[in-house]
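# no FASTA, just this:
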């Protein structure tokens, strides 16, 4: 498991990454955690012990999944809050094969929204990215991360904009992620072009993940260093990346993982603080804000601790998931003071 353009982050200059300092987003450090308005827990009854809400569009439609993948398989779903769930498992497989796991992760703002995610097929146990366009499901795999280049392919699509570009990653034989953006042909339900966002583009990186892409072709995600700590990046596709770390009250996060971004310049994700606690963050107008879902606990449940924000729409509504110390719960928090 992210120029003059309306809604872009004004502090992000198009500058060579090699010339950038460790934190390149101008920061107004603020300890406000923005928790005055409570988040709403939404759990699919298919598995009340494990839910993750991963994407939300401007109509408030949410995608996510239930099931930890071991006790209960991953089952993707589309949610119209607060309780209308529709199955979003991958079913477009050869006769005799079935998807053993599915996660619905990204959704765009089109009148009939496109959905992306991943599924694992039963025949090979390989994991593939998928696109659902107008109800037609298609596997989308980057050839760089497919066999025979990779022994056991594992690919994910994580976010999609309104113009048919999706962000994701594939995993190499050493277990390292390689981010990419794919230009989709929505008429043929297939990939037209893959644009790699390789670790080599970030000094000291061993892995990259492209988490999301806006309608302005701005991509957010993170790169991973040799100590397995993440650092955020953002920039317009085809231009130079700016790298950043969450910094609050002058203290820089140990690890920063952006998972979503919107057309208004907001970036969301999670960070690990100097004490090892995991919190959500929202970046907007040069400021990082910490966010912890109502009921969030640093006691791990199913290997999840704290709060992770995974998606944000153009209204500023956020979705994600958190540990309450026993279960992993999905949450939505509608726009307010962010």
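Yep, it's here. All values derive from a computational prediction rather than experimental measurement.
# what's near enough to touch residue 219?
Residues near residue 219 by Cβ atoms under 8 Å, 6 or more residues apart in numbering: 167, 181, 197, 210, 212-213, 233-237, 261. Just so you know, the C-beta spots here come from the backbone N, C-alpha and C atoms, and that holds for glycine as well.
# Now do the same for it: its pLDDT.
pLDDT recorded at residue 219 is 98.
# cool, and the one 4 residues further on?
Reported pLDDT at residue 223 in the predicted model: 98.
# what does residue 38 give?
Taking residue 38 on its own, its pLDDT is 89.
# so it makes contact with residue 296?
No: using Cβ atoms under 8 Å, residue 38 is not in contact with residue 296, being 11.1 Å away.
# the more surrounded of these two?
Taking other Cβ atoms under 10 Å, residue 38 and residue 296 do not tie; residue 296 has more neighbours (25 against 11).
# For that one, give its distance to residue 262.
For residue 296, the distance to residue 262 (Cβ to Cβ, to the nearest Å) stands at 23 Å.
# Now do the strands in the stretch 101-250 of the chain.
With strands called from DSSP state E, counting those that start in this stretch, the stretch 101-250 of the chain shows them at 115-121, 127-133, 136-140, 155-160, 165-171, 177-185, 190-197, 205-213, 218-225, 230-236, 242-244, 247-248.
# Out of those, which is the most enclosed?
strand 155-160 (a mean of 28; mean count of other Cβ atoms under 10 Å).
# re the thing from before, which of the contacts of residue 219 sit farthest apart?
Spanning the widest gap among the contacts of residue 219 are 197 and 261, at 14.2 Å by Cβ to Cβ.
# what's around residue 174, how many residues?
7.
# distance of it from residue 207?
On the measure of Cβ to Cβ, residue 174 and residue 207 end up 9 Å apart.
# so what's the residue nearest to residue 261 when sequence neighbours are not counted up against?
Distances taken as Cβ to Cβ, 6 or more residues apart in numbering place residue 220 nearest to residue 261, at 3.9 Å, with adjacent residues excluded. Counting by Cβ under 8 Å, 6+ apart, residue 220 touches 2, 211-213, 232-234, 258, 260-261, 267.
# now residue 315
By Cβ under 8 Å, 6+ apart, residue 315 lies in contact with 58, 334-335.
# so which strand or helix has the spatially most central residue of the chain?
The residue lying closest to the centre of the chain (Cα atoms, centre = their mean) is residue 259, at 3.4 Å. Per DSSP states H and E, residue 259 falls inside strand 255-261.
# quick one: contacts of that strand?
Contacts of strand 255-261 (Cβ under 8 Å, 6+ apart): 2, 55, 158-159, 211-214, 218-222, 229-234, 244-246, 267-272, 281, 308-312, 318, 320.
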